[in-house]
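Participant: Build me a model:
(2 chains)
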2 protein chains.
Amino acid sequence: MIGTAAIVGGGVIGGGWAARFLLNGWDVQVFDPDPEAERKVADVLDNARNALPRLYDAPMPKEGALTYCSTLAEAVDHALWVQESVPERLAVKHAVYRDIQQHAPAGTLIGSSTSGFKPSDLQKGALRPGDILVAHPFNPVYLLPLVELVPSPLTDDLRIERAKDVLDGIGMMPLHIRKEIDAHIADRLLESVWREALWLVRDDIATTREIDDAIRYGFGLRWAQMGLFETYRIAGGEAGMKHFIGQFGPCLEWPWSRLTDVPELDQSLTDKIARQSDEQSDAYSIRELERLRDDNLVGLLRALKDRDSAAGAHLNAHQASFPPAVTVGGEDSELLRLHEVQVLPSWIDYNGHMTEFRYLQVFADASDALLRLIGLDRDYLASGHSYYTSESHIIHRSEARPAERLFVTTQIIEADEKRLHVFHVLRAAGDDRIVATAEQMMLHVDSQSGKVHPARQSIREKLDPLADAHARLARPDAVGRFTGQRRSP
Amino acid sequence: MIGTAAIVGGGVIGGGWAARFLLNGWDVQVFDPDPEAERKVADVLDNARNALPRLYDAPMPKEGALTYCSTLAEAVDHALWVQESVPERLAVKHAVYRDIQQHAPAGTLIGSSTSGFKPSDLQKGALRPGDILVAHPFNPVYLLPLVELVPSPLTDDLRIERAKDVLDGIGMMPLHIRKEIDAHIADRLLESVWREALWLVRDDIATTREIDDAIRYGFGLRWAQMGLFETYRIAGGEAGMKHFIGQFGPCLEWPWSRLTDVPELDQSLTDKIARQSDEQSDAYSIRELERLRDDNLVGLLRALKDRDSAAGAHLNAHQASFPPAVTVGGEDSELLRLHEVQVLPSWIDYNGHMTEFRYLQVFADASDALLRLIGLDRDYLASGHSYYTSESHIIHRSEARPAERLFVTTQIIEADEKRLHVFHVLRAAGDDRIVATAEQMMLHVDSQSGKVHPARQSIREKLDPLADAHARLARPDAVGRFTGQRRSP
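Facilitator: Predicted coordinates:
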């Protein structure tokens, strides 16, 4: 599903929502009377464009259109989804909902980014209370998949399903919370830690840096992939969860945390935290910290994605929903031109160069396109035959640049019933320069035995005329060269 | 520093300590009267051998010797460090310390894995109380770097420094906690979350799975790289920490978490948690969950390592301390072996085969390992010089299987001031069969101009002796072959 989203409130959170919708192909209409809002949203978008596409190995949908609106009525016009991220004051939120619902048709869903309020609190006095629900995201909204979706009993199942569809569609992981409660789930857990951490700082047990280190060198790493209970399940060993509770449950009574009080956040404690935080982090500006955080999150998420685990499995599922990348077919020119790509952010390493193995990825995709062209389809594969690559010789000629569009031309050098020898040239679409070449040998195999085996007639009928036509083309210089061979003068 | 460590108590935690010491080159003497201890330690070691070396891009030190001892006296003999991981009962621990100190000389440091006791509690009645301190690790001990190091006032600075040296040496991140307190730091934070989570389960707000998801799709990812305070500093924006506290401080008073009570862990709550945890996780055995967790942690830690950030920066520093792995000689057995990998799930395509470009990824990583070995470090790169790959010729010989462990041997074919010509062989660790080979030519370049440029002296000093030694090795058949060339009969 792709449509128009209205973003009401354009701070860090609203900007994050705007980025998620836009980069997933939605049009976005922002309303925020703050004169700084446009700059703030632009900053977040800048971060998001730098980070989010790096999570995927396929091009994201075409970015939607962004409009800054001068009235709320304009912003919610035609919107399928309104996301409210205004300050955490109930009266302000109520006024905003009244305004939205006067201008938007019935059934327009309003998600609130509230950290603390229950949906029933938000709905009080609304024109159409059932259209309002909590959709609580986590910063940075454009990278972290979690969104707590909390309906009150006034919101029916149909609306909840529609909300899930919208959030799924922009790559989020909606966690449906069935029973509303102040601060939902995650912020209650965060609040507990925050309170205990404040005591530790106040009582000079630890500094802010030491507390952060106690998290990120230890249990923070565990929690990025399994949560609390699954981690403890493992700690319980073969005896399982009951054993763990039996062993560690009694600690609750000792107790190991401050239970009864809330530390007073007076001037002196505030100053102490701010001072320690400066000592810890002020070598970096907030902008730099954001980039550092995003870069780390991209790395962590990609690591999980490679393993198809936790948030990484979620990313893979989302990626599968992207529209297919452009593959240009055509046999009219002499050479085949079957594959076109754009250099993705994730292909660029931290030195700014396209990572070596991505070149082979592009060439292998070009070979796949050729194989599809000569009839290697699902049925042929299912019949137990395939082509395997036996050799690849890549020669690098110039560097591919970030976001550059590239295309591959393919020449069949020789083909018989068992061997398919091809030569690919990777060129930049902009200036036609050669980026790299690849000479590949593919063998037709029986996929059960893995042994070389003659291709079927259906393949030969398509392959042979192509091979015959290409036999009349000049043989590229690089064909038959060995590694390190000097070019002929 | 490398020596002998005594491991007293051989469960999951003791086993994790044994693995850390062993794999970092220490000899380890284990004492645990439990007849199951040997099997338990072996299981943990098995996991550790599978995971820990994958964090590094250089071979770890040669594994130390492991001895299971039938008496405590034997175990502590010649030990530089004694790690106590016996059950959390003070009387048991006191008895163990008396025994240890009767057999070990004065000055032998005893680290306790206790989650909750203060070092002053542990030291009571000890022969030499100042030798006992808390060294509290986090499961899996062989992967997570954090260890809370808590001395009482009876332990002098010299002992604390010695303890840090030992823990640093086995790749841990000792967090020196200056003021002792029950449960140190991390477990107080964990305790807070655990208590709140128990309430949420008891009151049917969320299941164990939903709570885990609320963590691992959201703030868990943040905490794997920055902790609580640095994350909130960013949330505060340019206005910083004080602004954040001003904005979110009041929430503490609302309150968003259960403050005053401890949920009673009665039979019914225990049953509920166990049942929900089964529903969530019992598709996997504990062993499988451990492997999944370790695989994810390796990925997360490597992602941070690539970025030289947080726990990853710590890994890089530890890696730099490894003894140089290469012995230069003239025999076939002395090929370089610098890179080992396990075939990851995402490397396998829908046909069950390892995707073509992943082979080049492995070979390129092996070349990177070689370049690091000859001194291509961060500083060298920053000075504007690098090696670029100009050609790669891959020959496939057999298929890599899902989850298979592979290693690469590397031979330098020729090297001069500009060219570095190498030959890699990718083999399966299980049966030593050749999976693929790659011949690569790398050119030393000025990274500004992208032009070929002579390598600096510092590189030549490391490269030339290796190249000279390898020049005496047989030249592999595949070197100098072109694509499609028939093998000589």
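Participant: Need the residue closest to the centroid of chain A.
Facilitator: By CA atoms, centre = their mean, chain A has its centre lying nearest to A:L55, at 4.2 Å.
Participant: how near is it to chain B?
Facilitator: 12 Å (CB to the nearest CB, to the nearest Å). Heads up, the C-betas are built off the backbone N, CA and C, glycines and all.
Participant: My guess is that residue contacts A:L300. True?
Facilitator: No - at 10.4 Å, A:L55 and A:L300 do not qualify as touching, with contact defined as CB atoms under 8 Å.
Participant: what number of residues lie near A:K124?
Facilitator: Look at A:K124: counted by other CB atoms under 10 Å in any protein chain shown, it has 12 neighbours.
Participant: what's the helix or strand for the residue lying closest to it once chain neighbours are set aside?
Facilitator: Using CB to CB, 6 or more residues apart in numbering or on different chains and skipping residues adjacent in sequence, the residue nearest A:K124 is A:H94, 6.9 Å away. Here A:H94, judged by DSSP states H and E, is contained in helix A:90-103.
Participant: Now do that helix: distance to the chain's middle.
Facilitator: 32 Å (CA atoms, centre = their mean, to the nearest Å).
Participant: Contacts for that helix next, please.
Facilitator: Helix A:90-103 has contacts (CB atoms under 8 Å, 6 or more residues apart in numbering or on different chains) with A:6, A:8, A:72-73, A:76-77, A:82, A:84, A:86, A:108, A:110, A:112, A:114, A:117, A:121-122, A:124-128, A:131-132.
Participant: what does the domain assignment say about chain A?
Facilitator: A:4-184, A:187-283, A:336-471 (automatic domain parsing).
Participant: re the thing from before, quick one: which of the contacts of helix A:90-103 sit in helices?
Facilitator: A:L72, A:A73, A:V76, A:D121, A:L122 (DSSP state H).
Participant: Just the buried ones from the residues you listed?
Facilitator: Neighbour counting with 16 or more other CB atoms under 10 Å in any protein chain shown marks A:L72, A:V76, A:D121, A:L122 as buried within the ones in helices among the contacts of helix A:90-103.
Participant: How many residues are close by the residue in the stretch 301-450 of chain A that chain B sits nearest to?
Facilitator: When scored by CB to the nearest CB, the stretch 301-450 of chain A has A:A303 as its residue closest to chain B, at 3.3 Å. Using other CB under 10 Å, A:A303 has 26 neighbouring residues.
Participant: Wasn't it part of a helix?
Facilitator: Yes - assessed with DSSP: H, G, I helix; E, B strand; the rest coil, A:A303 lies in a helix.
Participant: wait, isn't it in contact with B:D295?
Facilitator: No - using CB under 8 Å, A:A303 is not in contact with B:D295; the gap is 9.6 Å.
Participant: Residues in a beta bridge with the closest residue to A:A79 other than its chain neighbours, which ones?
Facilitator: Leaving aside its chain neighbours, A:A79 sits nearest to A:A6 (3.9 Å; criterion: CB to CB, 6+ apart). Counting by DSSP bridges, A:A6 is bridged to A:Q29, A:V82.
Participant: give the contact list for A:A6.
Facilitator: Contacts of A:A6 by CB under 8 Å, 6+ apart are A:V28, A:Q29, A:V30, A:F31, A:A75, A:V76, A:A79, A:W81, A:V82, A:Q83, A:I100, A:A104.
Participant: So which of those is the closest to chain B?
Facilitator: Checking the contacts of A:A6 against chain B with CB to the nearest CB, the nearest one is A:Q83 at 17.2 Å.
Participant: Around the closest one, count how many other residues there are.
Facilitator: Residues near A:Q83, counting by other CB under 10 Å: 27.
Participant: can you check A:R472 too?
Facilitator: If we define neighbours as other CB under 10 Å, then A:R472 has 7 of them.
Participant: A:H453 too?
Facilitator: Neighbour tally, A:H453, other CB under 10 Å: 18.
Participant: wait, isn't A:L371 in contact with A:H385?
Facilitator: No - using CB under 8 Å, A:L371 is not in contact with A:H385, being 11.2 Å away.
Participant: which one among the contacts of A:A6 gets closest to B:D46?
Facilitator: Closest to B:D46 out of these is A:Q83 (48.9 Å), distances taken as CB to CB.
Participant: just checking, A:T409 is part of a helix?
Facilitator: No - per three-state DSSP, A:T409 lies outside any helix segment and is strand.
Participant: Skipping its backbone neighbours, what lies nearest it in space?
Facilitator: For A:T409, the spatially nearest residue (CB to CB, 6+ apart) is A:L335, at 4.2 Å.
Participant: ok, which stretches of the stretch 101-250 of chain A are helices?
Facilitator: Using DSSP state H, counting those that start in this stretch, the helices of the stretch 101-250 of chain A run over A:119-123, A:157-169, A:186-202, A:208-214, A:220-223, A:228-235, A:240-248.
Participant: I'd like those helices written out as TSV, with mean pLDDT added.
Facilitator: Putting these into TSV (pLDDT from 0 to 100) gives the following:
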stretch	mean pLDDT
helix A:119-123	97
helix A:157-169	96
helix A:186-202	86
helix A:208-214	91
helix A:220-223	92
helix A:228-235	81
helix A:240-248	71
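Participant: Can you tell me which of those is nearest to A:A474?
Facilitator: Nearest of the helices of the stretch 101-250 of chain A (CB to CB): helix A:157-169, 49.5 Å.
Participant: hmm, who's touching the closest one?
Facilitator: So helix A:157-169 is contacted by A:1-2, A:24, A:80-81, A:107, A:109, A:111, A:130-131, A:133, A:135, A:147, A:149, A:151, A:174, A:176, A:318, A:321 (CB under 8 Å, 6+ apart).
Participant: For that helix, buried residues please.
Facilitator: A:R159, A:I160, A:R162, A:A163, A:V166, A:L167, A:D168, A:G169.
Participant: got it, and stretch A:390-400?
Facilitator: Neighbour-count burial for stretch A:390-400 [16+ other CB under 10 Å]: A:S390, A:E391, A:S392, A:H393, A:I394, A:I395, A:H396, A:A400.
Participant: Quick check: which ranges of chain A have low pLDDT?
Facilitator: Along chain A, segments meeting pLDDT under 70 span A:238-240, A:247-266, A:269-270, A:272-273, A:275-277, A:280-282, A:324-333, A:350-351, A:488-489.
Participant: related to what we said a few turns ago, pick out whichever of the buried ones among the ones in helices among the contacts of helix A:90-103 sits closest to chain B.
Facilitator: Using CB to the nearest CB, those come closest to chain B at A:D121, 12.0 Å.
Participant: Which residues are in contact with the closest one?
Facilitator: Going by CB under 8 Å, 6+ apart, A:D121 touches A:L90.
Participant: gap between it and A:H94?
Facilitator: 9 Å (CB to CB, to the nearest Å).
Participant: And A:A235, by the same measure?
Facilitator: Counting by CB to CB, the separation of A:A235 from A:H94 is 46 Å.
Participant: just A:S113 next, same as before
Facilitator: On the measure of CB to CB, A:S113 and A:H94 end up 15 Å apart.
Participant: Then A:D27?
Facilitator: 27 Å.
Participant: okay, those two: which has more neighbours?
Facilitator: Applying other CB under 10 Å to A:D27 and A:H94 shows that A:D27 carries more neighbours, namely 19 against 16.
Participant: Isn't the more buried one up against A:G3?
Facilitator: Yes - applying CB under 8 Å, one finds A:D27 in contact with A:G3, separated by 7.4 Å.
Participant: Contact residues of the stretch 51-200 of chain A facing chain B?
Facilitator: A:115-116, A:138-139, A:144-146, A:148, A:173, A:175, A:177, A:179, A:181-183, A:185-198, A:200 (CB under 8 Å from any CB of the partner chain).
Participant: Let's see the ChimeraX selection covering just the buried ones among those.
Facilitator: Buried residues among these (16+ other CB under 10 Å), as a ChimeraX selection:
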select /A:115,116,138,139,144,145,146,148,173,175,177,181,182,183,185,186,187,188,189,190,191,192,193,194,195,196,197,198,200
